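Q: Mind looking at a prediction? Sequence and model below.
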Amino acid sequence: MFKRARWVGTGAALGFGVSLWIQHRLKEVAARYRPAGVAGAAAGRARSLPGDVRDAIREGRATMQEREAELRRSVWAAEAAPGAMPGAMPGVVRPLPPPGSASARPRPSGTRRRANRP
């Protein structure tokens, strides 16, 4: 008899505690989706947006400069290497082709560029 009473009391206490915890969590979630909560969250995000954009631009520029330096080093090394193109001047870097041009796009292996004929 006392075993049953103890387990009934334990179950009632756990059920009561869990129901209070769930009620508390539901109130928190509901507060987040009320107009004041949504407005506060939007205002916080709007305040942090310019800093995030500045950081992204700064990171993009740094990455672009690193990549450009890497490309320039590889072009300089290829032109300064023995057996390089005839007439190539060491240290002179040719400009890269504009993005989207035919020479900037990779060709499938085994294909050759054809001359434009009228």
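A: Received, thanks. Numbering: from 1, shown residues only.

Q: remind me which residues of the chain are low pLDDT?
A: Applying pLDDT under 70 to the chain flags residues 78-118.

Q: the longest helix in it is where?
A: Ranked by residue count under DSSP state H, the longest helix found in the chain is helix 35-80.

Q: for that one, packing partners?
A: Judged by 3 or more Cβ pairs under 8 Å, 6 or more residues apart in numbering; DSSP states H and E, helix 35-80 is in contact with helix 2-32. (C-beta placed from N, C-alpha, C; glycine too.)

Q: What separation is there between Ala39 and Gln23?
A: If you measure Ala39 against Gln23 using Cβ to Cβ, to the nearest Å, the figure is 25 Å.

Q: same thing with Gly15?
A: Counting by Cβ to Cβ, the gap from Gly15 to Gln23 is 12 Å.

Q: Val29 too?
A: 11 Å.
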